[in-house]
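Engineer: structure of the sequence below:
(one chain, ligands or ions: 2)
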Amino acid sequence: MIYVISGPSGCGKSTLIRQVLAGLEGVRFSVSHTTREKREAEVEGKDYYFVSQDRFLRLVEKDSFVEWAVVHGAFYGTSRRELTKDRNQDVILDIDVQGAAQVRKKIETAVLIFVLPPSFRELRKRIEKRGLDSALAVRKRLATARKEVRSYTVFDYVVVNDDLETAGRELESILRCRRARLAARQKSLGPILRSFRGKG
Ligand code: ADP
Ligand code: 5GP
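Structural biologist: Numbering: from 1, shown residues only. Ligands and ions are numbered 1, 2, ... in the order given. Next comes the predicted model:
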(Lines give C-alpha, C1' and ligand atoms only; values in the text may rest on other atoms or scores of the structure.)
(Ligands and ions follow the chains in the order given, each with its own letter.)
Protein backbone atom coordinates (compact mmCIF):
# COMPACT_ATOMS: atom_id res chain seq x y z
CA MET A 1 0.00 0.00 0.00
CA ILE A 2 1.19 3.50 -0.81
CA TYR A 3 0.80 6.19 1.87
CA VAL A 4 1.27 9.83 0.96
CA ILE A 5 1.97 12.21 3.82
CA SER A 6 1.71 15.92 3.09
CA GLY A 7 1.40 19.06 5.16
CA PRO A 8 3.08 22.41 5.65
CA SER A 9 6.84 22.42 6.08
CA GLY A 10 7.64 22.23 9.79
CA CYS A 11 4.35 20.60 10.87
CA GLY A 12 6.26 17.46 11.86
CA LYS A 13 5.95 15.07 8.90
CA SER A 14 9.52 13.71 9.06
CA THR A 15 9.35 13.35 12.84
CA LEU A 16 6.06 11.45 12.65
CA ILE A 17 7.26 9.23 9.80
CA ARG A 18 10.41 8.34 11.77
CA GLN A 19 8.19 7.36 14.67
CA VAL A 20 6.03 5.09 12.49
CA LEU A 21 9.05 3.48 10.80
CA ALA A 22 10.54 2.73 14.24
CA GLY A 23 7.31 1.25 15.60
CA LEU A 24 5.95 -0.78 12.70
CA GLU A 25 7.35 -3.67 10.65
CA GLY A 26 6.92 -3.98 6.90
CA VAL A 27 6.98 -0.31 5.98
CA ARG A 28 9.70 1.69 4.26
CA PHE A 29 10.33 5.31 3.30
CA SER A 30 10.24 6.42 -0.33
CA VAL A 31 13.46 8.30 -1.03
CA SER A 32 12.82 11.24 -3.36
CA HIS A 33 15.12 12.92 -5.86
CA THR A 34 15.81 16.60 -5.26
CA THR A 35 17.92 19.41 -6.69
CA ARG A 36 18.15 21.26 -3.38
CA GLU A 37 21.41 21.46 -1.42
CA LYS A 38 22.07 18.62 0.99
CA ARG A 39 21.80 19.64 4.65
CA GLU A 40 24.61 18.65 6.98
CA ALA A 41 22.80 15.85 8.79
CA GLU A 42 21.29 14.35 5.65
CA VAL A 43 22.51 11.14 4.03
CA GLU A 44 22.56 10.59 0.26
CA GLY A 45 20.24 7.70 -0.69
CA LYS A 46 18.60 7.66 2.74
CA ASP A 47 16.99 11.09 3.04
CA TYR A 48 17.12 12.03 -0.66
CA TYR A 49 18.94 11.33 -3.89
CA PHE A 50 20.65 14.68 -4.41
CA VAL A 51 20.97 15.41 -8.14
CA SER A 52 21.77 18.34 -10.43
CA GLN A 53 19.01 20.18 -12.24
CA ASP A 54 20.24 18.73 -15.56
CA ARG A 55 20.02 15.19 -14.25
CA PHE A 56 16.57 15.84 -12.77
CA LEU A 57 15.24 17.23 -16.06
CA ARG A 58 16.67 14.26 -17.97
CA LEU A 59 14.78 11.94 -15.61
CA VAL A 60 11.60 13.97 -16.23
CA GLU A 61 12.11 13.55 -20.00
CA LYS A 62 12.53 9.81 -19.55
CA ASP A 63 9.24 9.75 -17.59
CA SER A 64 11.07 8.29 -14.61
CA PHE A 65 8.89 10.05 -12.03
CA VAL A 66 5.43 9.11 -10.77
CA GLU A 67 5.11 12.70 -9.63
CA TRP A 68 7.33 15.74 -9.39
CA ALA A 69 7.00 19.39 -8.43
CA VAL A 70 8.89 22.58 -7.71
CA VAL A 71 8.84 23.25 -3.97
CA HIS A 72 10.48 26.31 -2.40
CA GLY A 73 12.44 26.85 -5.64
CA ALA A 74 13.90 23.33 -6.00
CA PHE A 75 12.77 20.25 -7.96
CA TYR A 76 11.51 17.23 -6.03
CA GLY A 77 10.22 13.93 -7.45
CA THR A 78 9.29 10.35 -6.63
CA SER A 79 10.83 7.87 -9.08
CA ARG A 80 8.75 4.96 -10.37
CA ARG A 81 11.56 2.66 -9.28
CA GLU A 82 11.22 3.83 -5.67
CA LEU A 83 7.61 2.68 -5.58
CA THR A 84 8.07 -0.63 -7.39
CA LYS A 85 11.31 -1.89 -5.85
CA ASP A 86 9.71 -3.83 -2.98
CA ARG A 87 6.02 -4.46 -3.37
CA ASN A 88 5.83 -6.62 -0.24
CA GLN A 89 6.25 -3.61 2.00
CA ASP A 90 4.10 -0.58 2.60
CA VAL A 91 5.76 2.62 1.47
CA ILE A 92 5.46 6.14 2.89
CA LEU A 93 5.97 9.20 0.68
CA ASP A 94 6.70 12.57 2.29
CA ILE A 95 5.73 14.89 -0.57
CA ASP A 96 4.06 18.24 -1.05
CA VAL A 97 0.39 18.83 -1.91
CA GLN A 98 1.07 19.20 -5.68
CA GLY A 99 2.71 15.77 -5.66
CA ALA A 100 -0.10 14.31 -3.57
CA ALA A 101 -2.66 15.48 -6.16
CA GLN A 102 -0.64 13.79 -8.94
CA VAL A 103 -0.43 10.52 -6.99
CA ARG A 104 -4.18 10.69 -6.36
CA LYS A 105 -4.81 10.82 -10.12
CA LYS A 106 -2.35 8.06 -11.05
CA ILE A 107 -2.65 5.57 -8.19
CA GLU A 108 -6.25 5.17 -7.12
CA THR A 109 -5.45 2.92 -4.19
CA ALA A 110 -2.97 5.34 -2.57
CA VAL A 111 -3.93 6.56 0.89
CA LEU A 112 -3.50 10.31 1.33
CA ILE A 113 -2.84 11.72 4.80
CA PHE A 114 -2.62 15.41 5.61
CA VAL A 115 -0.72 16.55 8.69
CA LEU A 116 -1.67 19.84 10.33
CA PRO A 117 0.04 21.64 13.20
CA PRO A 118 -2.31 22.76 16.00
CA SER A 119 -2.07 26.39 14.76
CA PHE A 120 -0.21 28.71 12.40
CA ARG A 121 1.62 30.27 15.35
CA GLU A 122 2.85 26.83 16.50
CA LEU A 123 4.02 26.08 12.94
CA ARG A 124 6.12 29.24 12.93
CA LYS A 125 7.60 28.27 16.30
CA ARG A 126 8.53 24.79 15.07
CA ILE A 127 10.18 26.06 11.89
CA GLU A 128 12.17 28.66 13.84
CA LYS A 129 13.14 26.17 16.55
CA ARG A 130 14.30 23.63 13.96
CA GLY A 131 16.85 26.26 12.96
CA LEU A 132 17.41 25.06 9.38
CA ASP A 133 16.09 28.14 7.60
CA SER A 134 17.08 31.78 7.23
CA ALA A 135 14.51 34.46 8.17
CA LEU A 136 13.62 34.80 4.48
CA ALA A 137 13.21 31.04 4.03
CA VAL A 138 10.97 30.90 7.14
CA ARG A 139 8.75 33.61 5.63
CA LYS A 140 8.58 31.70 2.32
CA ARG A 141 7.68 28.43 4.05
CA LEU A 142 4.94 30.16 6.05
CA ALA A 143 3.53 31.83 2.93
CA THR A 144 3.49 28.45 1.16
CA ALA A 145 1.83 26.91 4.24
CA ARG A 146 -1.10 29.33 3.96
CA LYS A 147 -1.72 28.08 0.41
CA GLU A 148 -1.08 24.41 1.16
CA VAL A 149 -3.65 24.07 3.93
CA ARG A 150 -6.38 24.96 1.43
CA SER A 151 -5.75 21.59 -0.30
CA TYR A 152 -6.69 19.50 2.70
CA THR A 153 -9.99 18.30 1.16
CA VAL A 154 -8.10 16.12 -1.38
CA PHE A 155 -6.90 13.88 1.47
CA ASP A 156 -8.43 10.76 3.01
CA TYR A 157 -7.19 11.38 6.56
CA VAL A 158 -6.10 14.37 8.63
CA VAL A 159 -3.71 14.02 11.56
CA VAL A 160 -3.30 17.02 13.86
CA ASN A 161 0.22 16.93 15.21
CA ASP A 162 -0.24 18.57 18.59
CA ASP A 163 1.11 16.00 21.02
CA LEU A 164 3.76 14.04 19.11
CA GLU A 165 3.12 10.66 20.77
CA THR A 166 -0.63 10.85 20.14
CA ALA A 167 -0.24 11.97 16.52
CA GLY A 168 2.38 9.25 15.88
CA ARG A 169 0.07 6.58 17.27
CA GLU A 170 -2.78 7.89 15.15
CA LEU A 171 -0.68 7.77 11.99
CA GLU A 172 0.49 4.26 12.82
CA SER A 173 -3.10 3.17 13.44
CA ILE A 174 -4.12 4.34 9.95
CA LEU A 175 -1.55 1.93 8.49
CA ARG A 176 -2.57 -0.89 10.84
CA CYS A 177 -6.22 -0.38 10.02
CA ARG A 178 -5.62 -0.50 6.25
CA ARG A 179 -3.70 -3.76 6.70
CA ALA A 180 -6.76 -5.35 8.31
CA ARG A 181 -9.02 -4.62 5.34
CA LEU A 182 -10.19 -7.73 3.53
CA ALA A 183 -8.57 -6.81 0.22
CA ALA A 184 -5.18 -6.33 1.90
CA ARG A 185 -5.40 -9.42 4.11
CA GLN A 186 -6.92 -11.89 1.66
CA LYS A 187 -3.62 -13.36 0.45
CA SER A 188 -2.53 -14.34 3.96
CA LEU A 189 -5.86 -15.96 4.83
CA GLY A 190 -5.33 -19.16 2.78
CA PRO A 191 -3.73 -21.33 5.50
CA ILE A 192 -6.24 -20.22 8.16
CA LEU A 193 -9.26 -20.89 5.95
CA ARG A 194 -7.82 -24.25 4.77
CA SER A 195 -7.40 -25.32 8.39
CA PHE A 196 -11.17 -25.03 8.77
CA ARG A 197 -11.70 -27.57 6.00
CA GLY A 198 -9.71 -30.34 7.68
CA LYS A 199 -10.76 -32.50 10.62
CA GLY A 200 -9.02 -30.30 13.19
P1 ADP B 1 8.43 18.60 8.48
O2 ADP B 1 9.06 17.27 8.10
O3 ADP B 1 6.94 18.58 8.36
O4 ADP B 1 9.04 19.76 7.76
P5 ADP B 1 9.79 18.21 11.04
O6 ADP B 1 9.48 16.76 11.32
O7 ADP B 1 11.16 18.55 10.57
O8 ADP B 1 8.71 18.84 10.04
O9 ADP B 1 9.45 19.02 12.37
C10 ADP B 1 9.72 20.41 12.50
C11 ADP B 1 10.18 20.71 13.91
O12 ADP B 1 9.08 20.57 14.81
C13 ADP B 1 11.28 19.77 14.41
O14 ADP B 1 12.21 20.52 15.17
C15 ADP B 1 10.53 18.77 15.29
O16 ADP B 1 11.35 18.25 16.31
C17 ADP B 1 9.40 19.63 15.85
N18 ADP B 1 8.16 18.88 16.12
C19 ADP B 1 7.58 17.92 15.37
N20 ADP B 1 6.44 17.49 15.93
C21 ADP B 1 6.28 18.20 17.08
C22 ADP B 1 5.28 18.21 18.12
N23 ADP B 1 4.21 17.42 18.09
N24 ADP B 1 5.45 19.08 19.14
C25 ADP B 1 6.52 19.91 19.19
N26 ADP B 1 7.51 19.93 18.24
C27 ADP B 1 7.39 19.10 17.20
P1 5GP C 1 12.57 19.61 2.52
O2 5GP C 1 13.40 20.32 1.51
O3 5GP C 1 12.29 20.45 3.76
O4 5GP C 1 13.10 18.22 2.84
O5 5GP C 1 11.15 19.36 1.84
C6 5GP C 1 10.43 20.44 1.33
C7 5GP C 1 9.10 19.96 0.82
O8 5GP C 1 9.27 19.11 -0.32
C9 5GP C 1 8.26 19.14 1.83
O10 5GP C 1 6.93 19.63 1.79
C11 5GP C 1 8.31 17.74 1.27
O12 5GP C 1 7.13 17.02 1.58
C13 5GP C 1 8.40 18.02 -0.22
N14 5GP C 1 8.93 16.88 -0.97
C15 5GP C 1 9.93 16.03 -0.64
N16 5GP C 1 10.12 15.09 -1.56
C17 5GP C 1 9.18 15.32 -2.52
C18 5GP C 1 8.85 14.66 -3.76
O19 5GP C 1 9.43 13.65 -4.17
N20 5GP C 1 7.83 15.20 -4.48
C21 5GP C 1 7.14 16.31 -4.07
N22 5GP C 1 6.14 16.73 -4.85
N23 5GP C 1 7.43 16.95 -2.93
C24 5GP C 1 8.44 16.46 -2.16
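
Engineer: any idea how far residue 72 is from the closest residue in space to residue 130 that isn't next to it in sequence?
Structural biologist: Spatially, and ignoring its direct neighbours in sequence, residue 130 is nearest to residue 10 (6.4 Å; Cβ to Cβ, 6 or more residues apart in numbering). The way it works is simple: take the backbone N, C-alpha and C, and place the C-beta from them, glycine included. Separation of residue 10 from residue 72 (Cβ to Cβ, to the nearest Å): 12 Å.

Engineer: find the residues that touch each one of these two.
Structural biologist: Any residue near both residue 10 and residue 72 by Cβ atoms under 8 Å, 6 or more residues apart in numbering counts here, and that gives residue 141.

Engineer: out of these two, which sits in the busier spot?
Structural biologist: Here residue 10 and residue 72 are compared on neighbour count by other Cβ atoms under 10 Å; more neighbours surround residue 10, at 23 against 13.

Engineer: helix/strand/coil for that one?
Structural biologist: Secondary structure state of residue 10, per DSSP: H, G, I helix; E, B strand; the rest coil, is coil.

Engineer: partner residues bridging residue 115?
Structural biologist: When assigned by DSSP bridges, residue 115 has beta-bridge partners residue 159.

Engineer: list the contacts of it.
Structural biologist: 5-7, 11-13, 16, 158-161, 167, 171.

Engineer: out of those residues, flag the one nearest to residue 141.
Structural biologist: Using Cβ to Cβ, residue 11 comes nearest to residue 141 of the contacts of residue 115, at 10.3 Å.
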